[in-house]
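K.L.:
3D model of this:
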Amino acid sequence: MNCFEPPARRKLARAGFDEIAANIERMHTRLLKQRQPMVNTMANPSEEGVTVGMCFVLWQAGLHRTERLLVSAGRAVGAGDVYGLAVLSRALLESTAVIASICAQMHQWAEGKITYAEFDASVTAALVGSRSSVIQDGLQATNILTHIKRADRFIDERGLFLVTAPLATMYDVMSEYAHPNMSSNSCAFQVEDAGVFRFDHGGTLRPGHLDLIGVLASTAQIYTTVSDFFHGLLAGDGLPDQTATILPWPQTRKAPRGL
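P.N.:
From the prediction side, this is the model:
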């Protein structure tokens, strides 16, 4: 299964996103290969063993969600749905923030910087917590902005990205598109002359809208890298001594030939 169906790939190719689309496809394939059909949290019935088992569940749940979001984002590109692309990219970023945040705490627990109880509480909240008032007596989930801040600190400390606090920066951009304000409203029209707004109700993706693909690609690359870290810690391999820097999506590309 591919992220981008043929119409979406052709649209991205015309906009000069051939290589970026191919990279996203490769990352999607990696996620598919990491999925497991079942996790037995009682394989090690000790208290800490069950927590590690729940980390595997969290890892697999994150893989499932991220893989589905990438496919849905590909469909949004094919349909010319800039709002869907923005919201799905933001959801992917949130998944990335949670897995990186828990990965950071797993590393801290392994080094004795936080207690087992603190780590267990974070894992449980990430897996089954909720911030909905509809769910009575539910476990309070950690605010996503807390996860983003903790994740960015982990990313910065590892030197994973060329710029600092990448998730917070991209999250701000995605939120602008997701909320009914300037970025979101301007997706609906083009200003032709003073006071003349021409609406594109057909949902055409303009070249500027496809800059969201850059956020999708950068976030997916951070996710796959951190996912490898997460599994490495679970497997007892620890974090790698050297990691490749993830470059932000380049702002230059081939001139679009129309979408």
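K.L.:
contacting residues around the residue sitting furthest away from the middle of the chain?
P.N.:
The C-alpha centroid of the chain is most remote from residue 194, which lies 38.9 Å away (Cα atoms, centre = their mean). For residue 194, the contact set (Cβ atoms under 8 Å, 6 or more residues apart in numbering) is empty. C-beta here means a position set from N, CA and C on the backbone, and glycine is covered the same way.
K.L.:
Show the pLDDT at it.
P.N.:
On pLDDT, residue 194 comes in at 89.
K.L.:
tell me which residues of stretch 8-24 are tucked away?
P.N.:
Applying a neighbour-count criterion of 16 or more other Cβ atoms under 10 Å, one finds 8, 9, 11, 12, 14, 15, 16, 17, 20, 21, 24 buried in stretch 8-24.
K.L.:
and what of stretch 141-154?
P.N.:
Quick answer for stretch 141-154 (16+ other Cβ under 10 Å): 141, 142, 144, 147, 148, 149, 150, 151, 152, 154.
K.L.:
What is the burial count for residue 221?
P.N.:
Residue 221 has 22 neighbouring residues, counting by other Cβ atoms under 10 Å.
K.L.:
secondary structure element for it?
P.N.:
Assigning secondary structure by DSSP states H and E places residue 221 in helix 211-234.
K.L.:
For stretch 170-178, give the mean pLDDT please.
P.N.:
pLDDT averaged over stretch 170-178 gives 90.
K.L.:
How far off centre is it?
P.N.:
In terms of Cα atoms, centre = their mean, to the nearest Å, the centre of stretch 170-178 is found 13 Å from the chain centre.
K.L.:
Numbering from 778 from now on, please.
P.N.:
Shifting the count to begin at 778 puts that one at stretch 947-955.
K.L.:
Render the CA-only coordinates of that stretch in CSV, please.
P.N.:
What follows is stretch 947-955, C-alpha atoms only, in CSV (Å, rounded to 0.1, in the frame of the first residue of the first chain):
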residue,chain,number,x,y,z
MET,A,947,5.6,23.4,12.7
TYR,A,948,2.7,23.0,15.1
ASP,A,949,2.1,26.7,15.0
VAL,A,950,2.0,26.7,11.2
MET,A,951,-0.4,23.7,11.2
SER,A,952,-2.7,25.3,13.8
GLU,A,953,-3.0,28.4,11.6
TYR,A,954,-4.3,26.3,8.8
ALA,A,955,-6.5,24.2,11.1
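K.L.:
Which parts of the stretch 928-1036 of the chain are helices?
P.N.:
943-955, 959-962, 988-1011 (DSSP state H, counting those that start in this stretch).
K.L.:
ok, residue 940 to residue 928 distance?
P.N.:
Distance of residue 940 to residue 928, given as Cβ to Cβ, to the nearest Å: 14 Å.
K.L.:
and what of residue 959?
P.N.:
Counting by Cβ to Cβ - residue 959 and residue 928 are separated by 27 Å.
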